[in-house]
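Engineer: Would you be able to build a 3D model of this:
(one chain, ligands or ions: 1)
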Amino acid sequence: MDAYKSSVDFAEATAFLSHACYEQDKMALRATLKNKSILSGLLSRLSSCSSHGRVCVSPVLVAQRRNNSTSPKLKVDFNQSTGVAVMHMQNPPVNSLSLGFLTEFCIAVEKLEMDKSCRGLILTSSQPKVFSAGLDIMDMYGKKLEQYEEFWRAVQEMWLKLYSSNMVTIAAINGSSPAGGCLMSLSCDYRIMADNPRYSIGFNETQFGIVVPVWCKEAMTTIVGHRNTELTLELGLLYNPSDALKIGLVDQLVPEDQVLATATKTMTKWLAIPDHARRITKSMMRKPTIDKIMSIREADMQQYISFISKDSTQKMLGTYLEMLKKKRG
Ligand SMILES: CC/C=C\CCC/C=C/C(=O)SCCNC(=O)CCNC(=O)[C@H](O)C(C)(C)COP(=O)(O)OP(=O)(O)OC[C@H]1O[C@@H](n2cnc3c(N)ncnc32)[C@H](O)[C@@H]1OP(=O)(O)O
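Structural biologist: Residues are numbered from 1 along each chain as shown. Model (predicted):
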């Protein structure tokens, strides 16, 4: 129950935040989130429900839809005639999933989710050569415990929002997508990747001494099976696009300049299926994983905080950051 409530806390906050698109408002609301007494007041006004595995919030707190909204880290183009939104990630240089980015991302997905006319979401990158570099290591390095907690809650929420979305979700992977970037695309219904051997996708975490959360392992197993998950996660493997296709980590490869067009065409095919039947089926496939994750959400949080704040973990992250920076110098 606590785990469920926590999810609603963040969902409520993100829905509320969609009224307040600017930095000051976001900071104020984040502060509010930390204040349990205010939060419980807000919660009592919130009627929460769980439908087909998707956690949703009371429409009372949901903002009016605004089309083609532009925020600093995301650009959302919503075409009302097709019912498809294209979300361009634009968090330079490498679309790392920072707390700020994840907050905006959750708000944007929540807004689209609540808009009945939006049936499909294509996720892509505005950055050259990179879909997403994964979690922002700066948010996992040298921070206070409460900052680790806030960050991890946003990571969990990003995954839950995408994985449990009622919309058809397609990842148009137009660049490298390691670690958290791979997780983000794995949460979608379909993955189309640019056929460029310079790009890579997978989970490299163990290579620099960290471990993916159990829910990431679960989600990956449902897609590429136990053996491929075992090999990828233990060895920290990143695949080139053709190897990723072979193990089923992506569904289709296309020339780089056709990624978005193919995603749009594929979306039309998916949207030809009656929504209710597709949604119920999606829920049938994903709800067991979502339920499992919800039931361990707080334990997962504690495990993350204790792991990430260890001196040995911090030392390895520091070394990895140095290595990333030296690569350029
Ligand atoms: C119990 C559970 C515990 C823990 C679970 C945690 C699970 C963690 C998941 C993660 O996602 S951790 C992040 C893993 N990501 C990576 O390892 C990717 C690292 N980045 C790259 O490999 C490359 O940057 C690239 C994405 C392939 C792009 O290469 P490119 O040559 O185009 O860029 P460059 O490497 O020069 O980077 C530019 C700039 O960006 C900084 N950077 C890169 N990635 C990250 C990141 N993930 N977080 C923060 N910063 C990142 C890099 O240092 C450069 O910075 P600089 O300009 O200051 O030098």
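
Engineer: Can you show me the strands along the stretch 151-300 of the chain?
Structural biologist: 168-173, 177-178, 190-194, 201-202, 238-239, 252-254 (DSSP state E, counting those that start in this stretch).

Engineer: Can you name every helix or strand that the last one contacts?
Structural biologist: With contacts defined as 3 or more C-beta pairs under 8 Å, 6 or more residues apart in numbering; DSSP states H and E, the secondary structure elements packing on strand 252-254 are strand 190-194, helix 241-247, helix 259-271. (C-beta placed from N, C-alpha, C; glycine too.)

Engineer: Tell me which of those is the most buried.
Structural biologist: Of all these, strand 190-194 has the most neighbours on average by mean count of other C-beta atoms under 10 Å, namely a mean of 25.

Engineer: Remind me what that one packs against, helices and strands.
Structural biologist: The contact analysis (3+ C-beta pairs under 8 Å, 6+ apart) places strand 190-194 against strand 168-173, helix 241-247, strand 252-254, helix 259-271.

Engineer: do you know which of the ones you listed lies nearest the ligand?
Structural biologist: Checking these against the ligand by C-beta to the nearest ligand atom gives strand 168-173 as the closest, at 12.3 Å.

Engineer: Just the CA atoms of the closest one, as CSV, please.
Structural biologist: Presented in CSV, the C-alpha positions along strand 168-173 are these (Å, rounded to 0.1, in the frame of the first residue of the first chain):
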residue,chain,number,x,y,z
VAL,A,168,1.0,3.2,-28.1
THR,A,169,4.6,4.0,-27.4
ILE,A,170,7.3,3.8,-30.0
ALA,A,171,11.0,4.5,-29.4
ALA,A,172,12.6,6.0,-32.5
ILE,A,173,16.2,5.4,-31.4
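
Engineer: does that strand come close to the ligand?
Structural biologist: No: using C-beta under 6 Å from any ligand atom, strand 168-173 stays clear of the ligand, coming no nearer than 12.3 Å.

Engineer: Which residue is the nearest non-sequential neighbour of the one residue in the stretch 201-329 of the chain that gets nearest to the ligand?
Structural biologist: When scored by C-beta to the nearest ligand atom, the stretch 201-329 of the chain has Leu324 as its residue closest to the ligand, at 3.6 Å. Spatial nearest neighbour of Leu324, chain neighbours left out: Ile137 (7.7 Å); criterion: C-beta to C-beta, 6 or more residues apart in numbering.

Engineer: Can you tell me which residues in the stretch 1-150 of the chain are near the ligand?
Structural biologist: With the criterion set to C-beta under 6 Å from any ligand atom, the stretch 1-150 of the chain comes near the ligand through Pro93, Val94, Ser96, Lys129, Val130, Ala133, Gly134, Leu135, Asp136, Ile137, Met138.

Engineer: can you list the strands of the stretch 151-300 of the chain in a markdown table and add distance to Leu162 and mean pLDDT?
Structural biologist: Shown next, in a markdown table, are those (distance: least, C-beta to C-beta, whole Å; pLDDT from 0 to 100):
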| stretch | distance to Leu162 | mean pLDDT |
| --- | --- | --- |
| strand 168-173 | 6 | 99 |
| strand 177-178 | 14 | 98 |
| strand 190-194 | 12 | 98 |
| strand 201-202 | 16 | 98 |
| strand 238-239 | 21 | 98 |
| strand 252-254 | 19 | 98 |
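
Engineer: Dump those to TSV, plus distance to Thr264.
Structural biologist: Output for the strands of the stretch 151-300 of the chain, formatted as TSV (distance: least, C-beta to C-beta, whole Å):
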stretch	distance to Thr264
strand 168-173	9
strand 177-178	19
strand 190-194	10
strand 201-202	21
strand 238-239	25
strand 252-254	12
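
Engineer: Glu234: neighbour count?
Structural biologist: When neighbours are counted by other C-beta atoms under 10 Å, Glu234 registers 10.
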